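Asks: 3D, please:
(one chain, ligands or ions: 1)
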Amino acid sequence: MGILIFWNSGYTRQMRETDWTKVLGWPGYRVYGQEINEAAKTLKLWVRRKRGNRKLVCSGCGKRVREIIATYEREVRDLPWSQYRATVVIEMYRVRCPDCGVKTEKVAQLPSKAPFSKRFEEAVGLACESAAVRRVARQLGLAASTVRAIDLRYLKRWAEARRKPALRQMGVDEIHLGKKQKFLTVVSNLETGEPLWFGRERKKETLDEFFEKQLSRFQRRAIGAACVDMWEPFRQSLEQWVPQCRIVYDKFHVMQHANAAVDEVRRAEFFRQGGAARELVKGKRWLLLSRWVHLNTDKKRQLNALFALNRRVMKAYLLKESLDRLWSYTYEGAMLRYLKSWIDQLRWQRLQPMEKLARMLLDHLEGILNYCRIKVW
Ligand SMILES: [Zn+2]
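Replies: Down below sits the predicted model:
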């Protein structure tokens, strides 16, 4: 039995442009011309966009552009083909961007103005990880300084490409700077503990700016929870920009309000009472803001002396201390029951600041109970 061998017919015997395109493997580009110099062992390929690849991007701002001003060519060195040193000549567009004016288009395979393709630079960068610059330079027929420059660009791109972890749980805090500069708003990633952004003041506009300028629509949608203070402007901003995000009023922020309420009671008593009692209340602010368990014997005695004289300050302090327990519950029913019993204790006490705090807690109840529903870091 004979064996039949089919030779390629004439038009396929030569490498076709589609084959050149396949071997080159630049996404979205096709080869339309080639030149081989056997003596010099060089290969030169001319490429342009494939018909379906018409999405032009401005190199200035990264936005999509439509208006083409001119075409031109850029020549870069690419990975070698077997023993041949390869050069690619790319047809490029100069575009008019509505924001940046006349710019060159952005091409993925051309990361910088240097005459090298991205994957060539990556190969050089990788080679530099395991060999001395001089050796890499000799192998590629490049100057050592050129190899160093390529390596640096490669490393910088690597650092940029390391994606920042997605913001899924955000913290919003205010920093009080003093009477003049007032407030700074700080946004942080609760999962990584990293502060991400600082803004002036603590208005709705402050947080709006973060959502608008720092995050894409896609990134905003990824935010599941936000730990914030019970501060209306922040709530409004969150509702507008991240409606799916659940607001959590955490212990830290609520206890700040509880401390403020105790201090308000202390100040009222300071003015109401005269003489020795007044002296006792004076200067006890920090003691009253401290947790009982954190105080030493002497400090506890000082507080007890104060409480003996002023039952209202004592009651306010104990209420604050017991409110802390609210966050020991992980089941929202239990948390709610505890909050109810806490508020019941306020009856007949005539502690205005504490009643104000209770109303605030009830107004923000969902966000407080969210502490049980969402595991925040
Ligand atoms: Zn632009």
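
Asks: Tell me where the model's unsure across the stretch 51-200 of the chain.
Replies: Low-confidence segments of the stretch 51-200 of the chain, defined by pLDDT under 70, are located at 162-163.

Asks: Now do the helices in it.
Replies: 118-130, 133-140, 144-161 (DSSP state H, counting those that start in this stretch).

Asks: And the stretch 251-377 of the chain, by the same measure?
Replies: Secondary structure of the stretch 251-377 of the chain (DSSP H, counting those that start in this stretch): helices at 251-272, 275-281, 285-289, 297-309, 311-323, 332-344, 352-363, 365-373.

Asks: Up against the ion, what does this structure have?
Replies: Neighbours of the ion within the chain, by CB under 5 Å from the ion: 58, 60-61, 97, 99-100. Where you see a C-beta, it was placed from the backbone N, CA and C, and this is true even at glycine.

Asks: Try it again at 8 Å.
Replies: Proximity of the chain to the ion (CB under 8 Å from the ion) is limited to residues 58-63, 65, 97-101, 103.

Asks: And Val172, how close does it get to Met230?
Replies: To Met230, Val172 is 11 Å away according to CB to CB, to the nearest Å.

Asks: And these two? Which one has more around it.
Replies: Val172 (24 against 19; other CB atoms under 10 Å).

Asks: and the more buried one, bridged to which residues?
Replies: For Val172, the beta-bridge partners under DSSP bridges are Val187.

Asks: Now do the contacts for it.
Replies: By CB atoms under 8 Å, 6 or more residues apart in numbering, Val172 lies in contact with 185-188, 207, 226-229, 234.

Asks: Can you tell me which of those is closest to Glu355?
Replies: Nearest to Glu355 among the contacts of Val172: Asp229, at 19.7 Å, using CB to CB.

Asks: what's around the closest one, how many residues?
Replies: Residues near Asp229, counting by other CB under 10 Å: 19.

Asks: Return the set of buried residues in stretch 217-231.
Replies: Using 16 or more other CB atoms under 10 Å as the test for burial, stretch 217-231 gives 220, 223, 225-231.

Asks: And stretch 200-219, by the same measure?
Replies: Within stretch 200-219, the residues scored as buried using 16+ other CB under 10 Å are 202-204, 206-211, 215.

Asks: Quick check: Leu288 vs the ion, distance?
Replies: 58 Å (CB to the ion, to the nearest Å).

Asks: correction: Ser216
Replies: Here the criterion is CB to the ion. By it, Ser216 lies 17 Å from the ion.

Asks: quick check, distance from stretch 117-129 to the centre of its chain.
Replies: In this view, stretch 117-129 has its centroid 29 Å away from the chain centroid, taken as CA atoms, centre = their mean, to the nearest Å.

Asks: Equivalent analysis for stretch 118-136, please.
Replies: Here the centre of stretch 118-136 is set off from its chain's centre by 32 Å, with CA atoms, centre = their mean.

Asks: for stretch 33-50, same thing?
Replies: Offset of stretch 33-50 from its chain centre (CA atoms, centre = their mean): 44 Å.

Asks: outside of it, which residues touch it?
Replies: 20-21, 24, 26, 28-32, 78, 81, 83-91.

Asks: and these, which are buried?
Replies: Among the contacts of stretch 33-50, those scoring as buried are 20-21, 24, 26, 29-31, 78, 81, 85-90 (criterion: 16+ other CB under 10 Å).

Asks: Which part of the stretch 101-250 of the chain gets nearest to the ion, residue-wise?
Replies: As assessed by CB to the ion, the ion sits closest to Lys103 within the stretch 101-250 of the chain, at 5.7 Å.

Asks: Spatially nearest residue to that residue (excluding sequence neighbours)?
Replies: Closest residue to Lys103 apart from its sequence neighbours, by CB to CB, 6 or more residues apart in numbering: Gly60 at 4.7 Å.

Asks: List the contacts of Arg138.
Replies: Taking CB under 8 Å, 6+ apart as the definition, Arg138 has no contacts.

Asks: how close does it get to Pro80?
Replies: Separation of Arg138 from Pro80 (CB to CB): 15 Å.

Asks: could the helices of the stretch 51-200 of the chain be laid out in a markdown table, adding distance to Ala316?
Replies: Output for the helices of the stretch 51-200 of the chain, formatted as a markdown table (distance: least, CB to CB, whole Å):
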| stretch | distance to Ala316 |
| --- | --- |
| helix 118-130 | 64 |
| helix 133-140 | 70 |
| helix 144-161 | 52 |
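
Asks: surely Lys300 meets Trp292?
Replies: Yes. Contact criterion CB atoms under 8 Å: Lys300 and Trp292 qualify, at 7.2 Å.

Asks: In contact with the residue nearest to Lys103, which residues?
Replies: Residues near Gly60 by CB under 8 Å, 6+ apart: 97, 99-100, 103.

Asks: just those now: which is nearest Val376?
Replies: Nearest member of the contacts of Gly60 to Val376, counting by CB to CB, is Asp99, at 38.4 Å.

Asks: now that closest one: how far from Gly199?
Replies: Separation of Asp99 from Gly199 (CB to CB): 24 Å.

Asks: Which of those two has more residues huddled nearby?
Replies: The neighbour count for Asp99 versus Gly199, taken as other CB under 10 Å, is higher for Gly199 (20 against 10).
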